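>>> can't give you the sequence, but here's the structure:
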């Protein structure tokens, strides 16, 4: 989907505990660093919809498994993917796309490496029922 | 300890799953963004010692609990702290200090928001026995 980049990330196995990459400033999809935060989502809970006017999201799932749905309202097109340590990729979402996500396991955490600091004025929200999708 | 900053971080509770901050570019301790990566450490495993010549570390623990030990070899001074979701703070460690960490729970993950991209030439390692500490 236009405006969405999926980047497979390296996982380095180690007997004491693995190291897994999230983002380098030289990576495709990097649009500057504004803020990093975690969002956890309980099993079967759905957070969304949200659309950013300016912020580019870079999403990584270090714990659990999360289903992400991206919706392009101009093209009426959906994109979906489940990210986890088993499908360990970074999901870059450009400004202007709607996004919602659902927790799959008991404990699910995403890291967002956002291109700008949180600013409620640049985000629009809709109730989950307002964009119809077969979850 | 000189060169160490502890910054309490906001946790925003939500019935669908909490949001917890990691770092904003306007925060104290932010020294530019180079790379973000996760490191997991098994229960009772110790990773370290490592000293960076240039990299500033910004460490956050979203999963489990991790004990961090920082050692200033000039002052022969140790600093220790356990970070977890219950003691949710960011640990900033300047270049020039030794660091090691130990996993406390079954699953323990740290996020490092590093000021530069990984470069093996700027890090020095020592075996855990080479700096004596009562773990």
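The structure has been received and is ready for your questions. Just so it is clear, the model here is predicted, and its values are computed rather than measured.
>>> how about the strands in chain A?
For chain A, the strands defined by DSSP state E cover A:4-8, A:11-12, A:19-24, A:35-40, A:46-52, A:57-63, A:65-72, A:77-84, A:89-93, A:98-103, A:109-114, A:123-125.
>>> and residue B:117, which of the ones you listed is closest to it?
Closest to residue B:117 of those is strand A:19-24 (C-beta to C-beta; 5.1 Å). Bear in mind the C-beta positions are built from the backbone N, C-alpha and C, glycine included.
>>> avg pLDDT for the closest one?
Average pLDDT, strand A:19-24: 98.
>>> Ok, stretch A:27-43 next?
Averaged over stretch A:27-43, pLDDT sits at 96.
>>> centre of the chain versus that stretch, how much separation?
Distance of stretch A:27-43 from the chain centroid (C-alpha atoms, centre = their mean, to the nearest Å) equals 7 Å.
>>> still on that earlier bit, can you redo the strands of chain A as JSON lines with mean neighbour count and distance to chain B?
Converted to JSON lines, the strands of chain A look like this (neighbours: other C-beta atoms under 10 Å in any protein chain shown; distance: least, C-beta to the nearest C-beta, whole Å):
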{"stretch": "strand A:4-8", "mean neighbour count": "15", "distance to chain B": "13"}
{"stretch": "strand A:11-12", "mean neighbour count": "12", "distance to chain B": "9"}
{"stretch": "strand A:19-24", "mean neighbour count": "20", "distance to chain B": "4"}
{"stretch": "strand A:35-40", "mean neighbour count": "22", "distance to chain B": "4"}
{"stretch": "strand A:46-52", "mean neighbour count": "20", "distance to chain B": "6"}
{"stretch": "strand A:57-63", "mean neighbour count": "23", "distance to chain B": "5"}
{"stretch": "strand A:65-72", "mean neighbour count": "20", "distance to chain B": "10"}
{"stretch": "strand A:77-84", "mean neighbour count": "16", "distance to chain B": "13"}
{"stretch": "strand A:89-93", "mean neighbour count": "22", "distance to chain B": "10"}
{"stretch": "strand A:98-103", "mean neighbour count": "22", "distance to chain B": "7"}
{"stretch": "strand A:109-114", "mean neighbour count": "24", "distance to chain B": "6"}
{"stretch": "strand A:123-125", "mean neighbour count": "12", "distance to chain B": "13"}
